[in-house]
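Colleague: A structural model of the following input is requested.
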Amino acid sequence: MIQPELVKKQRILMAFLSVLIIVTIVIGMGLGYASLSYDRLIPTILGQGTFKEEFVLFSIRLPRVFITVLAGMALALSGAILQGITRNDLADPGIIGINSGAGVAIAVFFLFIPIEAGTFVYMLPLCAFFGALLTAILIYAFSYKKDEGLQPVKMVLVGVGFSMALSGVMIVLISSAEREKVDFIAKWLSGNIWGTDWPFIWALLPWLLVLIPFTLYKANRLNLLSLSEPVAIGIGVSIEKERITLLLTAVALAASAVSVTGGIAFIGLIAPHMAKALVGPRNQLFLPIAILLGGWLLLFADTLGRNLADPNGLPAGIMVAIIGAPYFMYLLLKK
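Modeller: The predicted structure follows:
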């Protein structure tokens, strides 16, 4: 049974993080290369702004804000799932190669498959999912021993190896591509939020509307998977079935996010750890906190990055890496 004090603390933190996200959104809407004064935000939202103000707000700022929040939520939840099913605190879709698999699939799709512009956006998450899924299957297969089951530490090491190999594949693809298409792939690799229009939101949102409630429903299963395998089997958990189901969920969340944000790592590593530090390791408690933290972290990184250097700023992926890489090293040394 979860203590009432922890539930109360969770709700207070969720309310605080929700307010923090809203405040960061408001601050972000007024910052940027094309300025929009804060006293004009509400009139512009109500349809009383000039053409320039409405264009900046509704065509540039708001879509980007929603994309970053949704993608951050998806990456954080994906990382939490991967850490749960592998029992490894270093698991993250960017670190263990799942994002790289999605990136290679997107690059192949973008470079070699002709498709109408109208359906391109909605095909991206599916394409990224199949690339990430194939990568996850290979990582799982190389990390699994018949007598001992999944090897958590080995999975991270194998994943890092796959990530490096897939980066090489991406370089080979770039070397044979046209200049305009190379620019797109380079933008994706750096984690520059490129899907900044409303269709990208509609392409990403259905994945989250299905997978977030499903993961919260499976929270207790994740608790059981964090136990030792003999204990979980004794309770009656079908370990491999649950792992595969949740692995597919984590892959789908990560792939749908990076299909529109580019190769962003460390959100799935940092957010779950911060959430566990705040409310403890029970998935029912920390998963909602991790989701909100992930959304805010990517929003904050993108808002900060795009205002540090004019006119294009720094990619969100680089800003997150500046924060996340030292934390990854800390965890590596600690574990």
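Colleague: drop to CA atoms for contacts and neighbour counts, all remaining ones
Modeller: OK.
Colleague: element containing Thr215?
Modeller: Using DSSP states H and E, Thr215 falls within helix 198-217.
Colleague: Who are the packing partners of the very next helix or strand once past that helix?
Modeller: Later in the chain than helix 198-217, the nearest helix or strand by DSSP H and E is helix 219-225. Contacts defined by 3 or more C-alpha pairs under 8 Å, 6 or more residues apart in numbering; DSSP states H and E place helix 219-225 against helix 62-86, helix 239-261, helix 283-308.
Colleague: for the last one, packing partners?
Modeller: Taking 3+ C-alpha pairs under 8 Å, 6+ apart as contact, the helices and strands that helix 283-308 lies on are helix 4-30, helix 62-86, helix 219-225, helix 267-279, helix 316-334.
Colleague: Indicate which one of these is closest to Val182.
Modeller: Of all the helices and strands packed on helix 283-308, helix 316-334 sits nearest to Val182, with 18.0 Å by C-alpha to C-alpha.
Colleague: Sort out which residues of stretch 205-220 are buried, please.
Modeller: By 16 or more other C-alpha atoms under 10 Å, the buried positions in stretch 205-220 come out as Leu205, Trp207, Leu208, Leu211, Ile212, Thr215, Leu216, Lys218, Ala219.
Colleague: tell me which of the residues you listed is nearest to Lys334?
Modeller: Ala219 (26.3 Å).
Colleague: just to revisit the earlier point, let me have the helices and strands packed on helix 283-308 in TSV, extended by mean pLDDT and distance to Ala250.
Modeller: As requested, the helices and strands packed on helix 283-308 are arranged in TSV below (pLDDT from 0 to 100; distance: least, C-alpha to C-alpha, whole Å):
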stretch	mean pLDDT	distance to Ala250
helix 4-30	90	22
helix 62-86	91	4
helix 219-225	85	12
helix 267-279	90	10
helix 316-334	79	19
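Colleague: Need the winner for burial among those.
Modeller: helix 62-86 (a mean of 28; mean count of other C-alpha atoms under 10 Å).
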